[in-house]
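> only geometry, no sequence info:
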Ligand code: 2RA
């Protein structure tokens with residue numbers, strides 16, 4: 001006995017990972033529907049050892065379906081998520097549309113699973129932005145011990161965060177860059193991404209920050225603690241999968257680096273790889289396909305009374321998107337829904 005589960009946006013990077021992770025984690029599925037927009041209709045996607053043919057999101061009847069994982073972007077979410085929710089299907093949405101809605105819980109299960117009960121207001125649960133999800137997994141156990149006052153984070157975000165077009169642009173630009181006549185002009189990104197870094201993700205806000213940076217501030221407050229101050233600089237780097245973050249934390253109480261390392265070793269969802277030698281840390285290519293948020297380079301910040309620095313790496317398509325959504329579905333199933 002299990003659930004009737006829908007994956008909307010099943011042909012995208014995140015939708016495909018949602019199907020993979022549902023199968024890998026043996027989520028109790030009685031029936032599964034893979035939905036896509038009309039232009040990808042009929043595309044086949046894998047679910048474990050099965051092949052599913054995508055159905056039309058536009059005409060799909062959500063009545064009788066228990067959980068819908070949405071990975072379709074804000075515009076389509078605005079149209080179809082309320083439709084699914086009204087039909088009694090609980091939506092777990094990966095877009096940013098509902099993240100800041102006070103009536104919609106924004107969940108990272110390792111951090112605030114108890115907030116899930118709030119889904120009843122709208123039948124919708126929001127999945128956070130990739131860069132926030134991995135950061136709050138690392139911050140939570142440290143906050144519980146020494147109360148975080150302020151976080152200064154710089155991100156190194158892979159091109160898969162910008163979807164398939166981002167991956168293609170890095171691949172084609174890298175191949176074409178030294179071949180006369182085959183150069184690829186920036187299209188998805190604002191400047192050349194191959195062999196370069198771009199300090200700009202999402203749109204600019206009035207105060208000079210970007211929406212991606214604002215999301216890290218607003219989402220950390222909603223998920224972890226509204227009192228925690230965050231300032232972020234988000235940067236796109238020529239890496240296919242895996243977001244990295246350099247995180248500087250100021251605490252109310254002193255936290256020794258050894259104790260921080262021990263706390264993080266015990267923390268759910270975290271793997272510490274922190275040897276103070278060449279290669280004794282994790283880089284994005286090593287985290288691809290994993291569930292964990294990796295923490296390396298844990299060290300005291302000697303410029304603060306109570307400060308620590310650390311390096312945080314995770315698969316942005318997994319913990320930053322699909323895995324977190326499936327973990328939310330697991331919490332929902334265990335705590336809130338009856339199996340069919
Ligand atoms: C990015 N924020 O990396 C996105 C993905 N959610 O651009």
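Looks like it came in fine. Note that this is a predicted model, so its numbers are computed, not measured.
> Distance-wise, check residue 252 relative to residue 310.
In this structure, residue 252 and residue 310 are 18 Å apart, going by CB to CB, to the nearest Å. C-beta coordinates here come from the backbone N, C-alpha and C atoms, glycine included.
> burial measure for the nearest residue in space to residue 72 that is not next to it in sequence, as a count.
Using CB to CB, 6 or more residues apart in numbering and skipping the chain neighbours, the partner closest in space to residue 72 is residue 9 (3.9 Å). A total of 27 residues lie near residue 9 under the criterion other CB atoms under 10 Å.
> what separates residue 9 from residue 224, distance-wise?
In this structure, residue 9 and residue 224 are separated by 27 Å, where distance is defined by CB to CB.
> neighbouring contacts of the helix or strand hosting residue 7?
With elements delineated by DSSP states H and E, residue 7 resides in strand 3-8, which encompasses its position. Residues outside strand 3-8 that contact it (CB atoms under 8 Å, 6 or more residues apart in numbering): 15, 18-19, 22, 27-35, 57, 60, 62, 64-72, 76, 80, 84, 89, 329, 333, 337, 339-340.
> What of stretch 176-194?
Under the criterion CB under 8 Å, 6+ apart, residues 159, 162-163, 165-166, 168-170, 172-175, 195, 198, 200, 236, 238 lie in contact with stretch 176-194.
> Now intersect these with the helices, please.
Under the assignment DSSP state H, these contribute 165-166, 168-170, 172-175 to helices.
> For the ligand, state which of those is nearest.
Each of the ones in helices among the contacts of stretch 176-194 was scored against the ligand by CB to the nearest ligand atom, and residue 166 proved nearest at 7.7 Å.
> So the closest one is in contact with residue 160, correct?
Yes: using CB atoms under 8 Å, residue 166 and residue 160 qualify as a contacting pair, with a distance of 6.3 Å.
> higher neighbour count, the two?
Taking other CB under 10 Å, residue 166 and residue 160 do not tie; residue 160 has more neighbours (25 against 20).
> and the nearest residue to the more buried one once chain neighbours are set aside, how far is that from the ligand?
Distances taken as CB to CB, 6+ apart put residue 241 closest to residue 160, at 4.8 Å, once the chain neighbours are dropped. Using CB to the nearest ligand atom, to the nearest Å, one obtains 11 Å as the distance from residue 241 to the ligand.
> what number of residues lie near residue 241?
If we define neighbours as other CB under 10 Å, then residue 241 has 20 of them.
> Could I get the contacting residues of the residue of the chain found nearest the ligand?
Residue nearest to the ligand within the chain (CB to the nearest ligand atom): residue 161, separated by 1.9 Å. If you count contacts by CB under 8 Å, 6+ apart, residue 161 has them with 130, 201, 236, 243, 316, 320.
> and residue 252 and residue 310? which has more neighbours close in?
The neighbour comparison of residue 252 against residue 310 (other CB under 10 Å) goes to residue 310, with 24 against 13.
> Residue numbers of this structure in contact with the ligand?
Of all the residues in the chain, those in contact range of the ligand (CB under 6 Å from any ligand atom) are 129-130, 157, 161-162, 201, 212.
> host element of residue 324?
If you go by DSSP H and E, residue 324 is part of helix 323-335.
> Does anything pack onto that helix? Which helices or strands?
Identification of packing neighbours for helix 323-335 by 3 or more CB pairs under 8 Å, 6 or more residues apart in numbering; DSSP states H and E yields helix 13-24, strand 67-70, strand 90-93, helix 109-112.
> which helices and strands does the first one pack with?
Contact partners of helix 13-24 among helices and strands, from 3+ CB pairs under 8 Å, 6+ apart: strand 3-8, strand 29-36, strand 44-47, strand 67-70, helix 323-335.
> angle of it against helix 164-176?
Interaxial angle of helix 13-24 relative to helix 164-176 (axes from the mean of the first three to the mean of the last three CA atoms, to 10 degrees): 110 degrees.
> what's the angle between helix 13-24 and strand 3-8?
Angular relation of helix 13-24 and strand 3-8 on a 0 to 180 degree scale: 160 degrees, by the same axes, to 10 degrees.
> can you list contacts of helix 13-24?
Counting by CB under 8 Å, 6+ apart, helix 13-24 makes contact with 5, 7-10, 29, 32, 34, 36, 45-48, 52, 69, 71-72, 94, 160, 163-164, 167, 317-318, 321-323, 325-326, 329, all of which sit outside it.
> List the buried residues in stretch 213-221.
Taking 16 or more other CB atoms under 10 Å as the neighbour-count basis, stretch 213-221 is seen to contain the buried residues 213-220.
> Could you dump the residues you listed into TSV and include pLDDT?
As requested, the buried residues of stretch 213-221 are exported to TSV (pLDDT from 0 to 100):
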residue	pLDDT
213	98
214	98
215	98
216	98
217	98
218	98
219	98
220	98
